[in-house]
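>>> For reference, the sequence and a predicted model appear below.
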Amino acid sequence: MPTALLSVSDKTGLADFARELVTLGYELVSTGGTARALRDAGLACRDVADVTGFPEMLDGRVKTLHPAIHGGLLARRDLPEHMQAIAGHGIAPIDVVCVNLYPFRETARNADAAPGDVIEQIDIGGPSMLRSAAKNFAAVTVVVDPADYKRVAAALKTGGNGAELRRELAAKVYAHTAAYDAAIAAWFAAQRADEFPQRLALAFERRQPLRYGENPEQEAAFYVEAAGAGLAGIEQRGGKELSFNNLLDLEGALLALDPFGSGCACAIVKHTTPCGLATGPTPADAYRKAFACDPASAFGSVIAFSTPVDDEAAGLVASLFVECVVAPEFSEGALATLAAKKNLRVLVGRPGPSAPHDYKRVRGGLLVQQRPSLRFDDTDWTQVTKRSPTPEERADLLFAWRAVAGVKSNAIVLARNGATMGIGAGQMSRVDASFLAVHKARAAGHDPVGAALGSDAFFPFRDGVDQAAEAGVRAIVQPGGSVRDAEVIAAADEHGIAMLFTGRRTFRH
């Protein structure tokens, strides 16, 4: 009589799967709460204690860690000496193992959970059984995911070889236990405030395959830290499937909005950097101001709003070819308007919680850093020039400083009245970034005279200030910290420009 061992924390679909096993002639062996659930469903099962000859011990910490269990899992059916060995000790082979683990990750995510409660959710027997069964996948079918119950039952019914399925399920087990152990290691590192441990174990789950990567010849997929984390917390309501580049641009758009908090703002992003960013009393006003910064580049963009989108804003977005639009909410009329654009991807919600670190892949390794600070007030800025900014200029400087944080370095932003009017992004020199910001402003019909300028890092030479002064810029905010700060400040004083230092930079590579 074949034997199936069932011991699960998540009991979704358990009774139906067990019933299929009984129909196929399997004897059920189970533990604790799983055994009670099976009996409540009218299914007979043996307790593990009957198999091992030992009762569950230490509040259930020890129940399956026994040769009677692991001998039945690990014995190779093709080796007579293995089969004779277990038979000599009265151990029966175990043919199907259905195990899922204590909810460690869910408990660890609960900010109110005491450390002792988290530790109790570290499963010991479960991973041991899974790994033993998976190692012997040539003879043992091991199931860790309730989503696999139906196809496993179907395969067992056919009575075929099923070797490829068992191999696939075994691979899934090792990926699952690796992710489980990675979560435990991360929790312990956090308890020690060990932000950058000696060994970093990361686990991501595939959310969806993608048509291709940055280019059509590159295969790609989207992985997430956990269900609902980050971009996975946003729901798609319409349009084509999201692409690799769409997801990159969505991240860039949401990053550009982060410094503005709960205020009404709109970011229009192309190739992960803003081509327009603005605040306004309504989403429509913010969109108009952002769009005016660079109408040509807005074609084929990704647009993000920090507040709910109403009918008016949706009508404006719908008048332009846009790849994606994302907002916390949309009015019914807005959804209907945007749904008429069959290819437009509409995404609703806010990003879910995410790990506090940012990862960048390099060949052969991984760069790990804290995520950027969201502190973008002006309380600790230092005036370094003779002229003070006017209240209006200071407001423009604060906006420019928030806006430049989302722009690729070297980055310069020209701003006025809560909107970008020229953006110089991704340049190899800061003076080129200044030139480009002025050029883009004029190309869009804006007069940079009287504008405020934000720089994501210090000016290494005075030429960037001279470039800005020539265009009529009246106020500059930058981190400071160059060995030539004195020359840069002198240049600002020569031109009558008010300059403030923030004391920190906002590089984005």
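Looks like it arrived, so ask away.

>>> now the end-to-end length of stretch 66-86.
Across stretch 66-86, the straight-line distance between its terminal residues is 13 Å, by Cα to Cα, to the nearest Å.

>>> ah, wrong one, I meant stretch 111-121
With Cα to Cα as the measure, stretch 111-121 spans 15 Å from end to end.

>>> Give me the buried positions along that stretch.
Within stretch 111-121, the residues that qualify as buried by neighbour count (16 or more other Cβ atoms under 10 Å) are 118-121. (Each C-beta comes from the backbone N, C-alpha and C, glycine too.)

>>> Would you check how far apart the most far-flung residue of the chain relative to its centre and residue 67 are?
Distance from the centre of the chain peaks at residue 88, with 52.5 Å (Cα atoms, centre = their mean). The spacing between residue 88 and residue 67, counted by Cβ to Cβ, to the nearest Å, is 12 Å.

>>> burial measure for residue 19, as a count.
Here the neighbour count serves as a burial measure; for residue 19 (other Cβ atoms under 10 Å) it reads 16.

>>> Double-check that it belongs to a strand.
No. The assignment for residue 19, made by DSSP: H, G, I helix; E, B strand; the rest coil, is helix rather than a strand.

>>> which residue sits closest to it, ignoring its sequence neighbours?
Using Cβ to Cβ, 6 or more residues apart in numbering and skipping residues adjacent in sequence, the residue nearest residue 19 is residue 43, 6.5 Å away.

>>> Just the mean pLDDT for the strand or helix carrying residue 189, thanks.
Using DSSP states H and E, residue 189 sits in helix 163-191. Per-residue pLDDT values across helix 163-191 average out to 90.

>>> Can you tell me which of the buried residues of stretch 111-121 comes closest to residue 495?
Top of the list for closeness to residue 495, among those and by Cβ to Cβ, is residue 118 at 59.1 Å.

>>> Looks to me like the closest one is in a strand.
No. The assignment for residue 118 (three-state DSSP) gives helix, which keeps it out of a strand.

>>> Check whether it really touches residue 103, as I assumed.
No. The criterion here is Cβ atoms under 8 Å, and residue 118 misses it with residue 103 at 10.4 Å.

>>> mind checking pLDDT for residue 37?
Note on residue 37: pLDDT of 91.

>>> Next, give phi and psi for it.
Backbone torsions of residue 37, given as degrees, to the nearest 10, read phi -60, psi -40.

>>> Residue 302 - how many residues pack around it?
That count, for residue 302 with other Cβ under 10 Å as the rule, works out to 27.

>>> hang on, isn't it packed against residue 327?
No. Counting by Cβ under 8 Å, no contact exists between residue 302 and residue 327, whose distance comes to 11.9 Å.

>>> how's the chain carved up into domains?
The chain breaks down into these domains under automatic domain parsing: 3-191, 205-348, 382-501.

>>> dump the residue contacts of residue 403.
The contact partners of residue 403, taken as Cβ atoms under 8 Å, 6 or more residues apart in numbering, are 256, 259, 274, 277, 413, 415, 420, 454.

>>> hey, where'd the helices end up in the stretch 351-500 of the chain?
Counting by DSSP state H, counting those that start in this stretch, the stretch 351-500 of the chain has these helices, from start to end: 391-404, 430-443, 463-471, 485-495.

>>> Excluding chain neighbours, give the residue nearest to residue 17 in space.
Taking Cβ to Cβ, 6+ apart as the measure, residue 17 lies nearest to residue 149, with 4.0 Å between them; neighbours along the chain are not counted.

>>> Might you quantify the distance of the helix or strand containing the one you found from its chain's geometric centre?
Using DSSP H and E, residue 149 falls within helix 149-158. On the basis of Cα atoms, centre = their mean, to the nearest Å, helix 149-158 sits 34 Å off its chain's mean C-alpha point.

>>> Please name every helix or strand in contact with it.
Counting contacts by 3 or more Cβ pairs under 8 Å, 6 or more residues apart in numbering; DSSP states H and E, helix 149-158 packs against helix 14-23, strand 96-100, strand 141-143, helix 163-191.

>>> Figure out how far the first one is from the centre of its chain.
Right, the one you point to is helix 14-23. For helix 14-23, the distance to the chain centre is 37 Å (Cα atoms, centre = their mean).

>>> Give the next helix or strand downstream of the least confident helix or strand in the chain by mean pLDDT.
Averaged element by element with mean pLDDT, DSSP states H and E, the chain has its least confident helix or strand at helix 48-52 (a mean of 78). Sequence order places helix 67-74 as the next helix or strand after helix 48-52, per DSSP H and E.

>>> what about stretch 191-206, start to end distance?
The first residue of stretch 191-206 is 28 Å away from its last residue (Cα to Cα).

>>> Now do it: everything it contacts.
In this structure, residues lying in contact with stretch 191-206 by Cβ under 8 Å, 6+ apart are 115, 178-183, 185-186, 189, 221-227, 357, 359, 366, 368, 370.

>>> Sort out which residues of it are buried, please.
Of the residues in stretch 191-206, those buried under the neighbour-count criterion (16+ other Cβ under 10 Å) are 202-203.

>>> ok, now stretch 306-325?
Along stretch 306-325, these residues count as buried under the neighbour rule (16+ other Cβ under 10 Å): 306-307, 309-310, 312-314, 316-318, 320, 322-325.

>>> Let me see the mean pLDDT of it.
For stretch 306-325, the per-residue pLDDT averages 96.

>>> repeat for stretch 333-346
Across stretch 333-346, the per-residue pLDDT values average to 94.

>>> related to what we said a few turns ago, save the helices and strands packed on helix 149-158 as JSON lines, and put in distance to residue 433 too.
Putting those into JSON lines (distance: least, Cβ to Cβ, whole Å) gives the following:
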{"stretch": "helix 14-23", "distance to residue 433": "60"}
{"stretch": "strand 96-100", "distance to residue 433": "53"}
{"stretch": "strand 141-143", "distance to residue 433": "56"}
{"stretch": "helix 163-191", "distance to residue 433": "38"}
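
>>> Which of the ones you listed sits closest to residue 486?
Nearest to residue 486 among those is helix 163-191 (44.0 Å), distances taken as Cβ to Cβ.

>>> circling back: which residues does the residue nearest to residue 19 contact?
15, 18-19, 22, 28.

>>> of all these, which comes closest to residue 402?
Within the contacts of residue 43, proximity to residue 402 (Cβ to Cβ) peaks at residue 15, which comes in at 54.8 Å.
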